[in-house]
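Chemist: my questions are about this predicted structure, shown below with the sequence.
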Amino acid sequence: MQKIRILALGDVVAKTGVRALSRHLPKLVADRSVDFVVVNGENAAGGVGITPEIADEMLGLGVHVVTTGNHIWRHREIRPYIAREPRLLRPVNYPPGQPGAGCGVFETAAGIPIGVVNLVGQVLMNPADSPFHAAEKALAEIGGAAHLVLVDIHAEVTSEKRALGFFLDGRVTAVVGTHTHVQTADAQILPRGTAYITDLGMTGPHDSVIGMRRDIVVDRFLTGLPATFKPGKGGIRIQGVLVTADESTGLACDVERIDLAVQI
């Protein structure tokens, strides 16, 4: 049995999160013998969206795939970039005609193919097609090109993510949730062999309210007045999971929560 180790990291927030990756990802990959890295870059550009420059920086660090979510189109310059860069994904269940792709098959340094599917939820989110039906189509598209498949479900509510995990259990290697920026304590292997966590958490400043300066957010709740959110800076952590899988079956053998306090 050949074991493959897949590192999936939660939403990278602002310059602080990108710097944390830049400084610590190479060592984390070396120390944990990681074969493949997936990072959600949804909030990497000032806390909302991603730019071509930031995507290039992440990919240059050895990230194999950057997933996203509901803020992918925040910066217009990402549209031509995502159309030509297959390693940056947007939700596959977004309307037809949008640039880029929502799934693909990529390779480890040793040439082992790994499928990645990027989905967005429907509950309390912007309109999108069913992530359940979209997942079926994406898996059919990947077909036999990869035994190992990781699914990033960028969604608000626990029930939708959890249900998708059981829906795909035994058919994919891992289902990992993103979007809430709060890491959940339910990393596990589901009954049929799929690794699962409701939310990977956040890579960035945790002395904040989901990455934004706490004083601004608290004032917004107190007054109800509009405010321009700004990224926090302190309490930097890298969060996600490390999934160990059997390359021949595509199923998970182990899943470990990653929650590291780091300096930049």
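Modeler: On my side now, so go ahead.
Chemist: now residue 17. Its backbone dihedrals?
Modeler: Its backbone dihedrals place residue 17 at phi -70, psi -40, with angles given as degrees, to the nearest 10.
Chemist: in the helix or strand of the chain with the lowest mean pLDDT, which residues are buried?
Modeler: Least confident element among the helices and strands of the chain, by mean pLDDT, DSSP states H and E: helix 214-223 (a mean of 95). Buried residues in helix 214-223, defined by neighbour count with 16 or more other Cβ atoms under 10 Å: 217, 220. (C-beta placed from N, C-alpha, C; glycine too.)
Chemist: equivalent analysis for stretch 231-242, please.
Modeler: Buried residues in stretch 231-242, counted by 16+ other Cβ under 10 Å: 231-232, 236-242.
Chemist: before we move on, what about stretch 108-115?
Modeler: By neighbour count, with 16+ other Cβ under 10 Å as the criterion, the buried positions of stretch 108-115 are 108, 112-115.
Chemist: same question, stretch 52-66
Modeler: For stretch 52-66, a neighbour-count test (16+ other Cβ under 10 Å) marks 52, 54-55, 57-59, 61, 63-66 as buried.
Chemist: over to stretch 143-153?
Modeler: For stretch 143-153, the neighbour count (16+ other Cβ under 10 Å) marks 146-153 as buried.
Chemist: for those residues, give me a markdown table that also has pLDDT.
Modeler: Below are the buried residues of stretch 143-153 laid out as a markdown table (pLDDT from 0 to 100):
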| residue | pLDDT |
| --- | --- |
| 146 | 97 |
| 147 | 95 |
| 148 | 98 |
| 149 | 98 |
| 150 | 98 |
| 151 | 98 |
| 152 | 98 |
| 153 | 98 |
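Chemist: could I get the full set of strands for the chain?
Modeler: Taking DSSP state E to define them, one finds strands in the chain at 3-9, 11-12, 36-40, 65-67, 103-107, 113-120, 148-154, 174-178, 188-189, 195-197, 202-205, 236-246, 252-261.
Chemist: and the ones you listed: which comes nearest residue 87?
Modeler: In this view, these are compared for proximity to residue 87 by Cβ to Cβ, and strand 65-67 is the closest at 5.4 Å.
Chemist: contacting residues around the closest one?
Modeler: Contacting residues not belonging to strand 65-67 are listed as 37-42, 50, 55, 58-59, 87-89, 104, 106, 116, 118, 152, 154, 178 [Cβ atoms under 8 Å, 6 or more residues apart in numbering].
Chemist: any idea how far the most centrally placed residue in the chain lies from residue 68?
Modeler: With distances taken as Cα atoms, centre = their mean, residue 40 lies nearest the centre of the chain, 3.3 Å away. Going from residue 40 to residue 68 by Cβ to Cβ, to the nearest Å gives 7 Å.
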